[in-house]
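> Starting from these lines, generate the structure:
(one chain, ligands or ions: 1)
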Amino acid sequence: MSTNAHADSVETITTDAMNAGAKPQVQSGLAGVVVAQCDIAKVDGERGTLSYRGYDIGDLACHSTFEEVVYLLWYGELPTRHELDTFAAALASEREIDDTTWQVLTMLPSDVEPMDALRTAVSTLACADPANENGKVSHQKNLRKATKLVAKFPTVVANYYRHLNGKPRIHPDPTLSHAGNFLYMLSGKPPDETRAKAMDLAMLLMAEHGFNASTFSARVTASTLSDMYAAITTAIGTLKGPLHGGANQRAMEMMLEIGEIDRVESYIKEALAAKKRIMGFGHRVYKKAPDPRSAYLRGRLYELCADLQDFHFYNLATAIAETVEAQKGLYPNVDFYAAPMLYLVGIPLELFVTIFAISRIPGWTTHVMDQYGHNRLLRPLSDYVGPEDCTYVPIDQR
Ligand code: CMC
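The predicted structure follows:
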């Protein structure tokens with residue numbers, strides 16, 4: 001792994017030069033700014049491709065599993081059969097959550113959103129981990145924390161949801177796959193293969209995506225040499241926003257609101273005329289070519305619909321995508337086809353954002369370890385444009 005400051009590729013300016021009156025070029029939204037070299041994921045917006053550690057997302061979508069992708073991200077190479085079996089068993093053995101974390105979850109007010117509950121649970125999991133020292137701990141220790149986090153996220157989300165719905169806590173089943181066990185904990189019944197495979201694909205495709213906002217925020221926290229749990233709470237808070245992970249739920253709500261194909265055109269026209277953002281469309285990086293993940297999710301949505309012998313959501317989503325592309329030139333992003341797919345798998349709408357978190361935790365932890373490995377404090381500058389040299393007037397004289 002190599003993450004070195006990429007100082008030659010961007011215009012830099014010192015605070016001294018700024019104080020002397022030099023005007024910096026502001027990169028709004030940090031768009032186009034390269035802050036590091038990285039060998040975790042290659043996100044190619046021009047060609048519309050994505051690879052993890054050099055492996056194309058299409059090959060992984062067709063042949064791999066979530067567990068194998070987690071191994072690939074953390075260790076940088078694909079496992080042998082024996083390595084994967086050992087790794088998957090170790091991951092499964094960490095799925096249970098401690099009683100304190102469970103008690104804290106059950107004590108939260110009933111209107112606390114699942115993402116907020118997950119963020120809270122990460123803080124209590126940190127308290128339950130005796131190895132959670134601040135700062136730059138050994139890579140082995142960080143791998144152990146990462147294993148706990150990836151393994152426990154589905155248990156927290158499924159059981160918090162059960163608690164909200166008055167259902168008893170359910171313990172993880174280590175004989176099921178990571179995705180299959182999540183669906184089992186959620187519903188209390190082992191899932192069929194079609195649904196478990198669909199869930200696995202969604203998680204695999206969302207596992208990593210370069211320096212997106214939540215990953216970058218986790219790296220900022222890690223760059224202060226704060227601990228991994230702290231970095232992950234930062235990431236969860238960032239992912240929650242509607243312009244990032246929150247889009248999948250809103251995309252599904254939009255589909256349900258549109259309801260029928262003959263309402264698609266007028267709905268999209270009106271929304272665009274009102275300058276509304278169509279959730280699940282557009283991307284900071286994939287501007288010239290579609291988000292490569294959406295084709296695989298659309299394919300799995302088709303398979304799910306075929307299994308159900310009902311193509312309503314496949315046809316509706318396709319019609320929306322064609323209309324938005326024709327009217328605004330925007331392609332669907334990862335959230336768009338994932339939304340009806342998750343819906344048909346049986347994921348409740350209010351858990352959609354947490355699915356993104358459960359899926360992205362391998363990427364976040366990989367980046368946190370990468371940041372520790374080549375750390376330099378992440379600290380940009382701003383161009384101050386406010387008032388200067390103001391005379392302070394004591395409060396009673398104002
Ligand atoms: N619907 C309508 N207009 C849009 C959309 C959209 N989904 N996305 C971008 N635009 C327009 C935007 O209004 C602006 O138009 P104009 O120049 O006329 O004002 C132009 O496109 C550029 O928008 P931007 O916000 O400057 O572009 P960005 O690259 O900063 O934004 C984005 C990327 C993802 C925030 C944006 O496309 C968006 O808000 N999409 C909807 C939310 C969404 O689906 N988010 C999930 C992103 S993918 C998964 C993830 O990373 O979490």
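
> Give me the distance between Val137 and Ser226.
Applying C-beta to C-beta, to the nearest Å, the value for Val137 to Ser226 is 11 Å. (C-beta placed from N, C-alpha, C; glycine too.)

> any idea how far Glu193 is from Ala339?
22 Å.

> the more surrounded of the two?
Comparing Glu193 with Ala339 by neighbour count (other C-beta atoms under 10 Å), the higher total belongs to Ala339, at 32 against 9.

> if I read this right, the more buried one contacts Gln249, doesn't it?
Yes: the criterion here is C-beta atoms under 8 Å, and Ala339 meets it with Gln249 at 7.5 Å.

> shared neighbours of the two, anything?
Phe352 (C-beta atoms under 8 Å, 6 or more residues apart in numbering).

> Look up the closest residue to Glu83, ignoring the ones flanking it.
Tyr71 (7.1 Å; C-beta to C-beta, 6 or more residues apart in numbering).

> Model confidence score at the one you found, please.
Here the pLDDT value assigned to Tyr71 is 98.

> give me every residue that touches it.
Counting by C-beta under 8 Å, 6+ apart, Tyr71 has contacts 78-79, 83-84, 87.

> Residue of the stretch 1-150 of the chain nearest the ligand, please.
Gly29 (5.4 Å; C-beta to the nearest ligand atom).

> doesn't that residue fall inside a helix?
Yes: looking at Gly29 with DSSP: H, G, I helix; E, B strand; the rest coil, it is inside a helix.

> what's the neighbour count on it?
There are 9 residues near Gly29, going by other C-beta under 10 Å.

> quick one: contacts for it?
Arg284.

> what's the answer for Gly45, then?
By C-beta under 8 Å, 6+ apart, the neighbours of Gly45 are 283, 285-289.

> mind checking which helix or strand of this protein has the lowest mean pLDDT?
helix 15-19 (a mean of 76; mean pLDDT, DSSP states H and E).

> Run through the neighbouring helices and strands of it.
Counting contacts by 3 or more C-beta pairs under 8 Å, 6 or more residues apart in numbering; DSSP states H and E, helix 15-19 packs against no other helix or strand.

> roughly how far apart are the residue positioned nearest the centre of the chain and Gly166?
Among the residues of the chain, the one closest to the centroid is Arg360, at 4.0 Å (C-alpha atoms, centre = their mean). Separation of Arg360 from Gly166 (C-beta to C-beta) stands at 29 Å.

> Also Glu94?
The gap separating Glu94 from Gly166 is 28 Å, by C-beta to C-beta.

> Equivalent analysis for Gln327, please.
Taking C-beta to C-beta, one finds Gln327 at 44 Å from Gly166.

> who has more neighbours, these two?
The neighbour count for Gln327 versus Gly166, taken as other C-beta under 10 Å, is higher for Gln327 (15 against 7).

> doesn't Ala230 make contact with Trp364?
No: here Trp364 lies out of contact with Ala230, judged by C-beta under 8 Å, at a distance of 11.9 Å.

> So between these two, which is more surrounded?
Applying other C-beta under 10 Å to Trp364 and Ala230 shows that Trp364 carries more neighbours, namely 30 against 18.

> For the residue nearest to Thr15 when sequence neighbours are not counted, give me its contacts.
Excluding its sequence neighbours, the residue lying closest to Thr15 (C-beta to C-beta, 6+ apart) is Leu381, at 6.7 Å. Counting by C-beta under 8 Å, 6+ apart, Leu381 touches 13, 15, 18, 24.

> pLDDT at Leu381, what is it?
90.

> May I have the secondary structure class of it?
Put simply, Leu381 is coil when judged by three-state DSSP.

> one step back: distance of the residue nearest to Glu83 from Ala146?
Counting by C-beta to C-beta - Tyr71 and Ala146 are separated by 11 Å.

> One more: Ser138?
Distance, Ser138 to Ala146, using C-beta to C-beta: 13 Å.

> Neighbour count for the two, which is higher?
Ala146 (22 against 11).

> count of neighbours near the residue of the stretch 201-350 of the chain found nearest the ligand?
Across the stretch 201-350 of the chain, no residue is closer to the ligand than Gly282, which sits at 2.3 Å (C-beta to the nearest ligand atom). Around Gly282 there are 19 other residues, counting by other C-beta under 10 Å.

> swap in the one 4 residues further on?
Residues lying near Tyr286 (other C-beta under 10 Å) number 25.

> what number of residues lie near Val35?
18.

> on contacts alone, who are the packing partners of the longest helix seen in the chain?
In the chain, taking DSSP state H as the definition, the longest helix is helix 139-164. Applying 3+ C-beta pairs under 8 Å, 6+ apart, one finds that helix 139-164 contacts helix 66-75, helix 81-92, helix 99-107, helix 114-128, helix 178-187, helix 228-239, helix 352-373.

> For Arg53, list the residues it contacts.
With C-beta under 8 Å, 6+ apart, Arg53 has these contacts: 39-41, 72-73, 76-77.

> rewinding a little: between which two of the contacts of Leu381 is the distance greatest?
Thr15 and Pro24 (10.2 Å; C-beta to C-beta).

> Compare the two and say which one has the larger neighbour count.
A count of neighbours by other C-beta under 10 Å puts Pro24 above the other of Thr15 and Pro24, at 14 against 8.
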